[in-house]
Each structure stands twice: as C-alpha cells, then as structure tokens.
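Peer 1: from the sequence below, what's the structure:
(one chain, ligands or ions: 1)
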Amino acid sequence: MTFADLRLAEPLLRAVTTEGYTVPTPIQLQAIPHVLAARDLLGCAQTGTGKTAAFALPILHRLGQSPPPANRKIRALILAPTRELAAQIADSFYHYGRHTGLRHTVIFGGVSDRPQIKALRNGVDILVATPGRLLDLMQQGFVHLKGVEILVLDEADRMLDMGFIVPIRRIVSHIPAERQTLMFSATMPREIRHLADALLTNPAEIQVAPASAPADNVDHFVYHVAKCDKSALLRRLLQTSSMPRTLVFTRTKHGADHVVKSLRASGLYAEAIHGGKKQNTRQRVLQSFKSDNPPILVATDVASRGLDIDDISHIVNYDIPNEPETYVHRIGRTARAGASGIAFSFCDPVERADLKAIERLIRQPIPARTDPSARPSPQTSEKSATLPRSAVQFHPRGNNGHAPQHAPQHAPRHTPQHAAKHAPARHPVRQAAASTTSPTHLGQHRSPWSKQHHRASAKGKHRRF
Ligand code: AMP
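Peer 2: Sure, this is the predicted structure:
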C-alpha cells in the first residue's frame, strides 16, 4: 500500500516523496482513510510511529479541497501538551503542506507572544497550540475558534497528566459542536476514555500495539551520566571497546546530527539516518552500515524501524526513550537470528523516571556501569569487576559467550587508524558513497511496521461540550 493508494492529493504525495517516505506506517494506513472520510478518531499510538503525518496529511487534504477565503480563519486546531511537541507538529505541517498554499502557525508559552500575534493577524488555516498560551491569546481576543472544522488532541494522556483538562474543556467550549475530532494517546486509562466519550462522536478506534518483550540474549547496561557528558562517554566507549556494528539512538533528528558531528570531530566514522535525510542518502548509509567497514549509525526511532540487519553488535540509547515500548523496539535491532547483543543506555538524572518505566515494562532491572574514564569509587569498581565479559566485548552468534579469536578485546574499529587501514586513500564518508552498488530499501526483507492491529468501533457517543 502506498500513499497514492490512500488517495491523498497530489501536492501531498509530492511532499511525502520529498520527505523520503516510501510506505505509510501502520498508524497512517489505519488513520488516514477515517480522517479523509470526516470520521472522528480515537488513536492509541505513541510518538515515533508516524502519528503526526497520520493526522496532518488527511487534514491538509481535506482543507485543500476548498480554497481558503480572503480573510482566513482557523479551520483546524491541533492541541499538544508541550512546546517541543507543538513545534515538531508545526514543522511537520510546514513540510507536508509546502505545496498546498495552506497557512499554519504555532503558539506556545515561554517565549514572546508578539510574533505569534502577528502570524495570527495575517490569517492562518491551521493552528498548532499548547493549551495555556492558546487560552491566553483567546482571552486577549487574538484567536477565534468559531471557524474550526477539525480539532486534534495529541498526546491526550500527557495533557491530563499535566493538568490541562480544565483548559481543554474551556477551549473546546469555543469550538462548534459540528466538527471532526481526532484524539491520540499513548495509553488508554479510564480518564482518557471519559474524555473521548465527551469529545468524540462515534469514533473509529485504531491502535498500534505496543511491544513489551525484549530479546532474550541482549545484555542491558545503563550509564548514569549527565546530558552534557554523553558525547564524550560515547566517544570513549567506541574508542576503547570492540563495538563492530553499533547503532546509536537519539530522540530527535537534530540530536542525531549533533552526535554524528561530535563523533566525526574525533575522527570516528559515523553517519546519521532520520526522516530529514533524502531517500538516496538513507540507502547509501544503510548499504555502508551493512558492509564490512560499517560507520557508527546514529538514528531516530522511526528511521530505524525498517532496518533489517542481523549483525548489529551494540545498541546505544543516547537518549532514554520516553515511551518504554520504544526501548524494546530499539533493542530489537540487535541479537537477531540467535546472535547476542549489548544495549547501553545513557541516563541523565532527568531521564530516571523513563528508565524506571522501561525496567517495569521489561520486568528486569538494568545494571548500572560506570564510565571507564570516571575516577572509580570503591563501590563502582566493585560493580565493574563483577560485570560479565559481554559488557565490554561483543560475541558474534554461536560462540557460547567466548571471545572470538578474530576480535581481540579492546580492538576499536572506528578510530582513524582503523579507518585508514580499511580505506587508505579516501575519506570514510566518501568511501561509503563510492562503495554503494545496490541500494537497500528500508524494510526490504520484512514489513517494518508489522506490530499492529486495528479495531473499529461504532459506539454512539454524545458530545458534552
Ligand atoms: P511522529 O511519530 O509523527 O513523531 O514521527 C516520527 C518520525 O517519523 C518523523 O521524523 C517523521 O519524519 C517520520 N515518518 C513519518 N512517517 C513516515 C513514513 N511513512 N516513512 C518514514 N518515516 C516517517
């Protein structure tokens, strides 16, 4: 199934092609037809599944069916709990809507409201907002919601956790009852059901099933490290351990680019793969990652879903994912086909709650390791001394835990010396480009979006707002 099969308008198809998307994700496959059919929707899915495009593309399609009037009014309102998410959603509307002529803007607190008011005065079709700033600007008379045809509540569970229920009710009371409402939530506790009952009418329900079981033969370790020390720790690990095929995960595209830059600055061979990269670049990078001289691959979650590579030795969670299921997806990239694998997680103090949630999901504590270069305290040295060998040395499949003869301990592969040995005459990045002979598509061998199921419900509901 392609985006064209979903009958999206041509300007949108052009935009997704530019983004490098080849196939819709499961949430997109499930959601887009319902949204195009003007149906209310309750989606259980987390960030990283392609959820934004699942609502943004059909919203742009629907709004694009009628040309905007001379004095534009807000026709679609997207509410998000945090400014980061709001900015990310607005960025997606910019990319997906670039050929549509529709206008959008984003408003959130913590920054001056002047540019936001200016953008609103110029007229927008789509408004992305956090609840607090939206209410503020509504009260000042800069935002009018009487023309809203489509309302989206993204990360509804987080909105409730953050105490946004009253602001949401107040905002919704200003929107016409005759509207389409889409609600997405990573979890479906009772409170979310109640909110859905109040806001949605006869919604289709869709779900991307969360994963919960990690592979058996993965050794997990966590480094408790401040965010600002993560890049130095990663460099040290790569330079002092044997990590033959390493995949590093960051939460954002920007984060992935930043890590690659820092590794390259130390002479390490690294490449990034994320939604901001062109498809041919992704293919080239994947091809080189499969080669005998792979780069350290730094990826965002969605970009990694289609990776079908058996011999990934190490996963590094440079950022702890804020959805525990994402951790399971990430480490599912290693220890394939009976091989063993190692997963390192770098946990800043602010990420501890996310780490705990992961440990609860996988039902095992993740042992802590100390940074090899940090001055060891008596307690930490003892801990390191009891670590299994696999914590520092990758064992390819079938060796029963014994170090392979061809990969002596502490045989770093990504150093300039190593790169020079394998690519004496060329810059590693250019060498990778030149060696690409048969491009590999994301998910060439198996569906990258396989863990899913779809439920449609036709319960009659009444709006209470
Ligand atoms: P989201 O879950 O909406 O935050 O999306 C996470 C990432 O997935 C973003 O970087 C998108 O660019 C990317 N993405 C969304 N849809 C697709 C797709 N069909 N194929 C590849 N990447 C996608």
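Peer 1: can you tell me the SS state at Met183?
Peer 2: Of the three states, Met183 takes strand under DSSP: H, G, I helix; E, B strand; the rest coil.
Peer 1: let the chain start at 30 from now.
Peer 2: Sure, I'll start numbering at 30, so the last one becomes Met212.
Peer 1: thought it was touching Leu228?
Peer 2: Yes - shown here, Met212 and Leu228 form a contact pair, counting by Cβ atoms under 8 Å, at 6.4 Å. Backbone N, C-alpha and C define where each C-beta goes, glycine included.
Peer 1: what average pLDDT does whatever helix or strand Asp186 lives in get?
Peer 2: Secondary structure from DSSP states H and E places Asp186 in helix 185-190. Average pLDDT, helix 185-190: 84.
Peer 1: which residues touch it?
Peer 2: Helix 185-190 has contacts (Cβ atoms under 8 Å, 6 or more residues apart in numbering) with 108, 110-111, 160, 182, 194, 197, 212-218, 220-221, 224-225.
Peer 1: does any part of it sit near the ligand?
Peer 2: No - applying Cβ under 6 Å from any ligand atom, one finds helix 185-190 separated from the ligand by no less than 13.4 Å.
Peer 1: give me the helices and strands touching the helix or strand just after that helix, please.
Peer 2: Sequence order places helix 194-201 as the next helix or strand after helix 185-190, per DSSP H and E. Packing contacts for helix 194-201, counted by 3 or more Cβ pairs under 8 Å, 6 or more residues apart in numbering; DSSP states H and E, involve strand 105-108, helix 160-168, helix 219-228.
Peer 1: and helix 194-201, what's buried?
Peer 2: For helix 194-201, a neighbour-count test (16 or more other Cβ atoms under 10 Å) marks 194, 196-197, 200-201 as buried.
Peer 1: compute the first-to-last residue distance for stretch 374-382.
Peer 2: Stretch 374-382 has an end-to-end distance of 14 Å (criterion: Cα to Cα, to the nearest Å).
Peer 1: now do the buried residues in it.
Peer 2: For stretch 374-382, a neighbour-count test (16+ other Cβ under 10 Å) marks 374-377, 380 as buried.
Peer 1: could you find which two of the residues you listed are furthest from each other?
Peer 2: Longest distance between any two of the buried residues of stretch 374-382 is 10.6 Å, between Ser374 and Asp377; criterion Cβ to Cβ.
Peer 1: identify the residues contacting stretch 378-391?
Peer 2: Residues from elsewhere that reach stretch 378-391, judged by Cβ under 8 Å, 6+ apart: 241-243, 249, 251, 253, 255-256, 348-351, 353-354, 356-357, 374, 376, 394-395.
Peer 1: and those, which of them are buried?
Peer 2: Among the contacts of stretch 378-391, those buried by neighbour count (16+ other Cβ under 10 Å) are 243, 249, 251, 253, 348-351, 353-354, 356-357, 374, 376, 395.
Peer 1: hang on, Ala82 is in a strand, isn't it?
Peer 2: No - using three-state DSSP, the assignment for Ala82 is helix, not a strand.
Peer 1: what about it, how many residues nearby?
Peer 2: Ala82 has 27 neighbours, counted by other Cβ atoms under 10 Å.
Peer 1: that one: what's it in contact with?
Peer 2: 45, 50, 53-54, 57, 121, 125.
Peer 1: one more: Gly170?
Peer 2: With contacts defined as Cβ under 8 Å, 6+ apart, Gly170 has no neighbours.
Peer 1: just say helix, strand or coil for it.
Peer 2: Following three-state DSSP, the label given to Gly170 is coil.
Peer 1: what of the one 10 residues further on?
Peer 2: Using three-state DSSP as the criterion, the local structure at Leu180 reads strand.
Peer 1: which residue sits closest to it, ignoring its sequence neighbours?
Peer 2: Spatial nearest neighbour of Leu180, excluding adjacent residues (Cβ to Cβ, 6 or more residues apart in numbering): Thr210 at 4.8 Å.
Peer 1: any idea how far the ligand is from that neighbour?
Peer 2: Relative to the ligand, Thr210 is positioned 19 Å away (Cβ to the nearest ligand atom, to the nearest Å).
Peer 1: and what of Phe122?
Peer 2: The gap separating Phe122 from the ligand is 11 Å, by Cβ to the nearest ligand atom.
Peer 1: can I take it that that residue is in a strand?
Peer 2: No - secondary structure assignment (three-state DSSP) places Phe122 in helix, not in a strand.
Peer 1: look at it and say how many residues are nearby.
Peer 2: Burial measure for Phe122: 26 neighbouring residues, criterion other Cβ under 10 Å.
Peer 1: which phi and psi does the residue lying closest to it once chain neighbours are set aside have?
Peer 2: If the residues on either side of it in the chain are set aside, Phe122 comes closest to His133, at 4.5 Å by Cβ to Cβ, 6+ apart. Backbone torsions of His133, given as degrees, to the nearest 10, read phi -140, psi 160.
Peer 1: hang on, His133 packs against Ala158?
Peer 2: No - taking contacts as Cβ under 8 Å, His133 lies outside contact range of Ala158: 10.8 Å.
Peer 1: so which of the two has more stuff around it?
Peer 2: Ala158 (27 against 24).
Peer 1: now do the contacts for that one.
Peer 2: Ala158 makes contact with 106-109, 115, 135-137 under the criterion Cβ under 8 Å, 6+ apart.
Peer 1: for Asp226, grab the count of nearby residues.
Peer 2: By other Cβ under 10 Å, 16 other residues sit near Asp226.
Peer 1: roughly how far does it sit from Thr399?
Peer 2: Remark: distance between Asp226 and Thr399 (Cβ to Cβ, to the nearest Å) = 50 Å.
Peer 1: got it, and Lys290?
Peer 2: For Lys290, the distance to Thr399 equals 27 Å [Cβ to Cβ].
Peer 1: who has more neighbours out of those two?
Peer 2: Legend: neighbour count by other Cβ under 10 Å for Lys290 and Thr399, higher for Thr399 (18 against 13).
Peer 1: hang on, isn't that one packed against Tyr252?
Peer 2: Yes - counting by Cβ under 8 Å, Thr399 touches Tyr252, with 7.4 Å between them.
Peer 1: identify the contacts common to Ser374 and Asp377.
Peer 2: Ile349.
Peer 1: how about the nearest residue to Val314, chain neighbours excluded?
Peer 2: Nearest to Val314 is Glu300, by Cβ to Cβ, 6+ apart, at 4.5 Å.
Peer 1: number of nearby residues for the one you found?
Peer 2: Residues lying near Glu300 (other Cβ under 10 Å) number 25.
Peer 1: which strand or helix spans it?
Peer 2: With secondary structure defined by DSSP H and E, Glu300 is part of strand 299-302.
Peer 1: tell me if that strand is near the ligand.
Peer 2: No - using Cβ under 6 Å from any ligand atom, strand 299-302 never reaches the ligand; the gap is at least 10.5 Å.
Peer 1: mean confidence for that strand?
Peer 2: Averaged across strand 299-302, pLDDT comes to 94.
Peer 1: please apply the same query to stretch 153-171.
Peer 2: Averaged across stretch 153-171, pLDDT comes to 97.
Peer 1: and the end-to-end length of it?
Peer 2: 12 Å.
Peer 1: how far does that stretch sit from its chain's centre?
Peer 2: Offset of stretch 153-171 from its chain centre (Cα atoms, centre = their mean, to the nearest Å): 26 Å.
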